[in-house]
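Structure for this input, please:
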Amino acid sequence: MSEQVAVAPAPPARESEQQPVAPSTPAAGRSRIGTVLGVVVLILGVLVALAVGAVLKLGPGPLGGLLGRDGTADAKAGDCVAELPRVAGTGATSVDDATIVPCTGARAAYAVVGRVDDPAAARSRSAVACEPHFRPGDDGYVLYRVGGDGDGYLLCLVRKANGR
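Got it, this is the predicted structure:
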C-alpha cells in the first residue's frame, strides 16, 4: 500500500531573492504619422479656443447671421442701423441681417428713435407702439423681432436723411 504525504508549500521568496522582471518596453517610439496628427489636433484645438474667445469678447460681427444671433438685440434709442430693404406704404419685408453700425459711418441708414420691449406688439407687427417716437414728417419704419422663446421687441427707426 502506498503512503500519501502532504507537503507544506514553500514559503514565498523574499524580495531580494526574487528574479527581476524586465520592464516592458514601449514600441520604438510614436510613429511619425501619430506625432504629426497629434500636433495638428493640438493646433486646431488652440485655434478653436481662440476663435471662441474672440466671439465671446468681441461679438460675432459678420458671423452673427450664421450663428443665429440677432444683430439688433442690444439696439437702443440713439443707435443706428445699416441699410434695410426698401418698403413702400404699409408693406413688410423679412430682414435677417439687420445690424447696429456707428452713426458716423457711411453704412448708417436709419437712426433708432425708440425701442418697445413688448412681445405682444412685436407679434402683432403693428407700428402703433412706435407712433409716440415719430415726429410729424418723419420717414418712419418699424423693425420688429419675434423670438422663438416668446420674447420680442420693436425698433422705431427713421431715415438718417431726416436729420436725426
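
Where does pLDDT dip in the protein?
1-30, 54-69, 86-94, 96, 161-164 (pLDDT under 70).

what do you get if the cut-off is 50, keeping everything else the same?
Applying pLDDT under 50 to the chain picks out residues 1-2, 25, 28, 62, 64-65.

That one - how does it break down into domains?
Domain ranges of the chain: 30-59, 70-162, per automatic domain parsing.

Buried deepest among those domains, which one?
domain 70-162 (a mean of 15; mean count of other C-beta atoms under 10 Å). Backbone N, C-alpha and C define where each C-beta goes, glycine included.

Kindly provide the distance from the closest residue to residue 142 other than its chain neighbours to residue 114.
Among residues not flanking residue 142 along the chain, residue 127 sits closest, at 4.5 Å (C-beta to C-beta, 6 or more residues apart in numbering). As for residue 127, its distance to residue 114 is 11 Å (criterion: C-beta to C-beta, to the nearest Å).

cool, residue 43 as well?
With C-beta to C-beta as the criterion, residue 43 and residue 114 are 48 Å apart.

how about the helices in the protein?
32-58, 64-67, 119-124 (DSSP state H).

Throw these into TSV and include distance to residue 108, thanks.
Output for the helices of the chain, formatted as TSV (distance: least, C-beta to C-beta, whole Å):
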stretch	distance to residue 108
helix 32-58	20
helix 64-67	18
helix 119-124	23
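
These: which one's closest to residue 109?
helix 64-67 (17.7 Å; C-beta to C-beta).

coming back round to it: does the residue nearest to residue 142 really touch residue 140, like I thought?
Yes: Residue 127 is within contact range of residue 140, at 7.3 Å (criterion: C-beta atoms under 8 Å).

ok, residue 32 - contacts?
Shown in contact with residue 32 (C-beta atoms under 8 Å, 6 or more residues apart in numbering): no residues.

From residue 41, how far off is it?
Taken as C-beta to C-beta, the span from residue 32 to residue 41 is 15 Å.

What of residue 78?
47 Å.

One more: residue 122?
Distance, residue 122 to residue 41, by C-beta to C-beta: 45 Å.
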